[in-house]
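Engineer: sequence and predicted structure, then a few things I'm wondering about:
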Amino acid sequence: MSEDIRDYLFDLQGYLVLENAISEANLNEINRWIDDHWSYVNEPWAENDDSQRKPRWMGNIETHTYNIENGVNFQNIIEGGQVFETLIDHPAWIDLAKKYIHSEVNGLSIHENFLNVRGPGGYIHIHCGGHVPLSYLTFRQANTGEWLVGQINVFMALNDIGPGDGPPVLIPGSHKCTEIHPRLEKDGKGLVYDGVSGKPAGTAFATKEMYLKAGDVLFFTDAITHGSAERTNPGYRRTVIYRYSPKFVRERFDYPHSEALLERLTPERRKIIQPNLPRRPPQVSCYD
Ligand SMILES: O=C(O)CCC(=O)C(=O)O
Ligand SMILES: [Fe+2]
């Protein structure tokens, strides 16, 4: 696809599908990582609260969930090994992310990175939209019209996601919509996220199910109204999500970056993971 057509489509729709973005070798490695950590997938709920997962740590990676029906998130997955480091500046999407975030001016960072596994009954409520006055849901600079996307989600399919598999859903063009979606307004608990209706986003008016093959990427602005359909098929959906933002957007959870990881990263990757180097006063010995 030529650059002008791609830019036009991203502006119009708020998303792009990047087919065959991830190699089979990388997919196999990531899927093996999941198999090796399968005991964490259906792991215990917090004591006396079956709406919450009990967080468990593997080094700097934490199991987590926003709402229990979302499945399990392995947060800070960049600490999971080399293959996850490769995804930080993957050639299939990094230049697109840089262009739309306008990284020459804004720098580039990763706001959140995780691997998600979701089984039967799992889904995500509807959230976001052009109406939300959230600092990182920008799309273009209002005065000049230049790209200024505050957050791009790179949603990577690790296995095929078709009908019944709980596909992500979105409303094309809704990143520019000034009206709040009726589901969000009537059933949701706020401007941003309907976490209370108990209804999967896939059942909401105007949503489109996005079917992906293993290795495809759904590249979309977080400003678009989106969520996912319920998984009705047996088995588990496997995805990785990296969210890219200007470097001025802080990390969502401020997870530690191990020294070993920082040392391993190429300068380009390290700059994305640690775009603002900490400044410290000189070390002064108490005997000086
Ligand atoms: O899990 C999904 O299908 C949707 C994910 C989502 O909402 C996001 O990446 O922001
Ligand atoms: Fe989302």
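Structural biologist: Perfect, thanks for sending it. Ligands and ions are numbered 1, 2, ... in the order given.
Engineer: please, which helix or strand holds Tyr100?
Structural biologist: Assigned by DSSP states H and E, Tyr100 falls within helix 94-101.
Engineer: same question, Arg250
Structural biologist: Going by DSSP H and E, Arg250 is not in any helix or strand.
Engineer: and Val149, by the same measure?
Structural biologist: Assignment of secondary structure by DSSP H and E places Val149 within no helix or strand.
Engineer: measure it to Gly80 for me?
Structural biologist: Counting by C-beta to C-beta, to the nearest Å, the separation of Val149 from Gly80 is 27 Å. Where C-beta positions appear, they are placed from N, C-alpha and C, glycine not excepted.
Engineer: quick one: mean pLDDT over stretch 160-178.
Structural biologist: Taken as a whole, stretch 160-178 has a mean pLDDT of 98.
Engineer: what about Pro120, how many residues nearby?
Structural biologist: A total of 14 residues lie near Pro120 under the criterion other C-beta atoms under 10 Å.
Engineer: Val196 now?
Structural biologist: Residues near Val196, counting by other C-beta under 10 Å: 12.
Engineer: I'd say it and Gly188 touch.
Structural biologist: Yes. In terms of C-beta atoms under 8 Å, Val196 counts as a neighbour of Gly188; the distance is 6.7 Å.
Engineer: now the common contact residues for these two.
Structural biologist: His125 (C-beta atoms under 8 Å, 6 or more residues apart in numbering).
Engineer: coming back round to it: then whichever helix or strand comes after the helix holding Tyr100 to PDB, C-alphas only?
Structural biologist: Following helix 94-101 in sequence order, the next helix or strand is helix 103-106 (DSSP H and E). Extracted C-alpha coordinates of helix 103-106, given in PDB (Å, rounded to 0.1, in the frame of the first residue of the first chain):
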ATOM      1  CA  SER A 103       8.300  11.500  17.200                       C
ATOM      2  CA  GLU A 104      10.600  14.200  15.800                       C
ATOM      3  CA  VAL A 105       8.900  16.600  18.100                       C
ATOM      4  CA  ASN A 106       7.400  14.400  20.700                       C
END
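Engineer: which helices and strands sit right next to the helix or strand just after helix 103-106?
Structural biologist: Proceeding N to C from helix 103-106, the next assigned helix or strand is strand 109-118, under DSSP H and E. Taking 3 or more C-beta pairs under 8 Å, 6 or more residues apart in numbering; DSSP states H and E as contact, the helices and strands that strand 109-118 lies on are helix 24-36, strand 72-75, strand 237-245, helix 267-273.
Engineer: what about the closest residue to ligand 1 within the stretch 1-150 of the chain, neighbour count?
Structural biologist: The nearest approach of the stretch 1-150 of the chain to ligand 1 comes at Ile124, 4.8 Å away (C-beta to the nearest ligand atom). By the measure other C-beta under 10 Å, the count of residues near Ile124 is 26.
Engineer: doesn't Thr225 make contact with it?
Structural biologist: No. With contact defined as C-beta under 8 Å, Ile124 and Thr225 do not form a contacting pair (11.9 Å).
Engineer: circling back: pick out whichever of Val149 and Gly80 has more residues nearby.
Structural biologist: Between Val149 and Gly80, counted using other C-beta under 10 Å, Val149 has the larger neighbour count: 26 against 22.
Engineer: could I get the phi/psi values of that one?
Structural biologist: The phi and psi torsions at Val149 (degrees, to the nearest 10) take the values phi -80, psi 120.
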